[in-house]
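Asker: Could you look at this predicted model? Sequence included:
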Amino acid sequence: MYSYQHRYHAGNFADLHKHLILIAILKALQQKNTAFCVLDAFAGEGIYDLNCQESQKNQEYLNGFEKIRKSLEPNYLIQELLTIAKKYQTADHPFIYPGSPAIIHANLRTQDQAIFIENHPQAYTQLKKHFSNQQQIHIHKRDGIEAINALIPFKTKRGLIFIDPSYEVKTEYNIICSLVKKAYLKFPQGIYMIWYPLLQENKHVSLLTDLQNTFNNNIWQHELVPIKNNTEGLYGSGIIIINPPWQFNTIVQDSLRLLLRLF
């Protein structure tokens with residue numbers, strides 16, 4: 001159950017895809033003065049040292065974060081990600097990738113709140129180490145699915161539910177679909193961002209089709225496919241947003257075009 005550790009994959013192309021879009025949503029939420037809350041249901045460790053043994057094993061960041069670090073044309077969202085990464089760099093740890101908790105933390109104003117959920121013992125320990133002293137952040141060791149059911153709607157009335165499980169268990173696709181539809185009934189004004197992997201088994205198709213049929217025009221979807229003709233493992237990354245911010249495609253299109261050029 002706890003075999004997945006994201007530090008093996010931190011900073012890969014899928015991380016870039018989801019985290020640039022996450023930054024765009026957070027910037028859109030900041031356009032109104034009223035407070036918002038972000039629930040990160042599968043938070044992970046929050047900050048990743050890419051020089052660690054696990055990250056160096058497959059060096060997935062070379063086909064991801066390393067490319068934007070070396071890019072001569074970083075745009076607004078990419079520059080924001082690079083800036084957040086630099087905040088956590090030290091002499092002993094010069095090669096840092098910010099996970100979603102670090103990105104969320106960097107985009108909270110004084111009136112905003114965040115809830116980080118992580119059930120993996122090792123990842124939870126690191127998450128607490130990185131963010132436990134932040135008053136605006138609440139960290140829970142519990143199941144992400146259960147937490148979404150229990151913690152929404154938010155008192156702030158505005159917010160984002162970020163859902164990016166590992167999908168190690170194949171039934172998670174159906175579980176996530178049912179979860180989102182149920183959560184929407186409780187919190188219809190919330191923004192729901194769901195990440196899914198593109199694998200040869202095409203398990204994501206039922207998730208995508210069901211959500212598209214349920215939410216019709218109230219959905220934004222994008223896929224990044226940098227590894228064509230890959231017969232094993234992750235070949236692409238997909239994002240679904242329910243209740244996307246106004247003119248969201250305009251906000252993210254330059255960054256997504258740059259990612260396509262880099263890959």
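Answerer: Alright, I've got the coordinates.
Asker: Poorly predicted segments of this structure, please.
Answerer: 1-3, 228-231 (pLDDT under 70).
Asker: The residue lying farthest from the centre of it is in what secondary structure piece?
Answerer: Farthest-out residue of the chain from its mean C-alpha position, per Cα atoms, centre = their mean: residue 91, at 27.3 Å. Using DSSP states H and E, residue 91 sits in no helix or strand.
Asker: Please report the distance of it from residue 98.
Answerer: Here the criterion is Cβ to Cβ, to the nearest Å. By it, residue 91 lies 18 Å from residue 98. From N, CA and C alone the C-beta is placed, and that goes for glycine too.
Asker: same check, this time on residue 131
Answerer: Relative to residue 98, residue 131 is positioned 12 Å away (Cβ to Cβ).
Asker: These two: which has the busier surroundings?
Answerer: residue 98 (26 against 21; other Cβ atoms under 10 Å).
Asker: For the more buried one, give me phi and psi.
Answerer: phi -80, psi 120 (degrees, to the nearest 10).
Asker: Touching, residue 219 and residue 213? I think so.
Answerer: No - counting by Cβ atoms under 8 Å, residue 219 sits too far from residue 213 to count as a contact (9.8 Å).
Asker: higher neighbour count, these two?
Answerer: residue 219 (18 against 9).
Asker: could you measure that one against residue 152, distance?
Answerer: In terms of Cβ to Cβ, residue 219 sits 19 Å off from residue 152.
Asker: With residue 243 instead?
Answerer: In terms of Cβ to Cβ, residue 243 sits 13 Å off from residue 152.
Asker: Tell me the residues that contact both of these two, please.
Answerer: Taking Cβ atoms under 8 Å, 6 or more residues apart in numbering as the criterion, residue 243 and residue 152 both touch residue 190.
Asker: Run a quick neighbour tally on residue 221.
Answerer: Residues lying near residue 221 (other Cβ under 10 Å) number 15.
Asker: Tell me the secondary structure at it.
Answerer: strand (DSSP: H, G, I helix; E, B strand; the rest coil).
Asker: That one touches residue 209, doesn't it?
Answerer: No - contact criterion Cβ under 8 Å: residue 221 and residue 209 do not qualify, at 10.9 Å.
Asker: List of residues touching the helix or strand hosting residue 173?
Answerer: Assigned by DSSP H and E, residue 173 falls within helix 172-186. The list of residues contacting helix 172-186 from outside it, by Cβ under 8 Å, 6+ apart, reads 145, 148-149, 152-153, 161, 163, 165-167, 190, 192, 194, 196, 203-204, 206-207, 210-211, 214-215, 242.
Asker: what about that helix, distance to the chain center?
Answerer: How far helix 172-186 lies from its chain's middle: 17 Å, per Cα atoms, centre = their mean, to the nearest Å.
Asker: tell me what the helix ranked longest in the chain is packed against?
Answerer: The residue-count maximum for a helix in the chain (DSSP state H) belongs to helix 13-29. The helices and strands touching helix 13-29, judged by 3 or more Cβ pairs under 8 Å, 6 or more residues apart in numbering; DSSP states H and E, are helix 65-69, helix 76-87, helix 100-106, strand 159-163, strand 191-198, strand 219-224, strand 236-242, helix 248-262.
Asker: what's the angle between that helix and strand 191-198?
Answerer: Interaxial angle, helix 13-29 versus strand 191-198 (axes from the mean of the first three to the mean of the last three Cα atoms, to 10 degrees): 170 degrees.
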